[in-house]
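Visitor: Dropping the sequence and predicted coords here.
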Amino acid sequence: MVHFIGRVAHDVLPSVFVLYAGYRYGWDARALGLFLALVGVSTMIVSGRLVHPIVSRIGERRALLLALTCGALGFAIYGFASVGILALLAVPIHAFWGLGSPAAQGLMTRRVAESEQGQLQGALSSLGGIAGLIGPGLFTLTFAWFIGAHGGIVLPGAPLLLAALLMLVSLAVAWRATRTP
């Protein structure tokens, strides 16, 4: 469930972020390219340098909860940021969402038998595919609704705020599912 909700939330970025940044901040292709480069570098630093030390130090459960919190906070900052410089502040925070997948993988693989590992990976891949069908439509429709007159209020960050809400739901599910009895 945590994996599925997180995958749906992730789809806000490829689905609407370019449209959102152009609409909200007036960013052109160069500004978007620089922003996405910063996102890529931040993600590489977390994934390549910080996952192992952080997970080793605080454990998989806490790393997962930290990751989901950072994902929710990053999406919320993106959604509320009225100027592009504020969106830049979210990048390093949001990058720590990258701790989540390795931590969740570790937690999940220990809960199934060795002979069931392939089934687990197949199920996760299938859930990711289903999320990929849901997310783009959900977020593009949300964006269109809240920048048009349909919603009554103009809130271009609504799809990112929806993604933040999904991350909070995922955090609650992870909190409950990983607590020790």
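Guide: Great, that's in hand.

Visitor: now this protein, which segments are flagged as low pLDDT?
Guide: Along the chain, segments meeting pLDDT under 70 span 151, 181.

Visitor: at 90 instead, please
Guide: 1-3, 105-128, 131, 148-154, 180-181 (pLDDT under 90).

Visitor: Show me where it has its helices.
Guide: 2-10, 12-25, 29-45, 51-58, 60-80, 84-95, 100-110, 117-147, 158-178 (DSSP state H).

Visitor: could I get those as JSON lines with mean neighbour count?
Guide: For every residue, glycine as well, the C-beta is placed using N, CA and C. Formatted as JSON lines, the helices of the chain follow (neighbours: other CB atoms under 10 Å):
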{"stretch": "helix 2-10", "mean neighbour count": "23"}
{"stretch": "helix 12-25", "mean neighbour count": "19"}
{"stretch": "helix 29-45", "mean neighbour count": "13"}
{"stretch": "helix 51-58", "mean neighbour count": "14"}
{"stretch": "helix 60-80", "mean neighbour count": "22"}
{"stretch": "helix 84-95", "mean neighbour count": "18"}
{"stretch": "helix 100-110", "mean neighbour count": "18"}
{"stretch": "helix 117-147", "mean neighbour count": "15"}
{"stretch": "helix 158-178", "mean neighbour count": "21"}
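
Visitor: Nearest residue to Gly71 in space, please, no chain neighbours.
Guide: Ranked by CB to CB, 6 or more residues apart in numbering and with sequence neighbours excluded, the top spatial neighbour of Gly71 is Trp97, at 3.6 Å.

Visitor: scratch that, Gly100
Guide: Closest to Gly100 by CB to CB, 6+ apart is Ala67, at 3.2 Å.

Visitor: And Ala144, by the same measure?
Guide: Going by CB to CB, 6+ apart, Ala144 has His150 as its nearest residue, at 7.9 Å.

Visitor: Could you give the number of residues near that neighbour?
Guide: Look at His150: counted by other CB atoms under 10 Å, it has 8 neighbours.

Visitor: Make 48 the first number, not 1, from now on.
Guide: Let's use 48 as the start, then, which means that last one is His197.

Visitor: Please tell me how far it sits from Phe190.
Guide: As for His197, its distance to Phe190 is 11 Å (criterion: CB to CB, to the nearest Å).

Visitor: ok, now Leu202?
Guide: 10 Å.

Visitor: Return the residues in contact with Ala221.
Guide: Neighbouring residues of Ala221 by CB atoms under 8 Å, 6 or more residues apart in numbering: Val49, Leu111, Leu112, Leu115, Ala151.

Visitor: measure it to Val130 for me?
Guide: For Ala221, the distance to Val130 - CB to CB - is 32 Å.

Visitor: repeat for Ile177
Guide: Ile177 sits 36 Å away from Val130, going by CB to CB.
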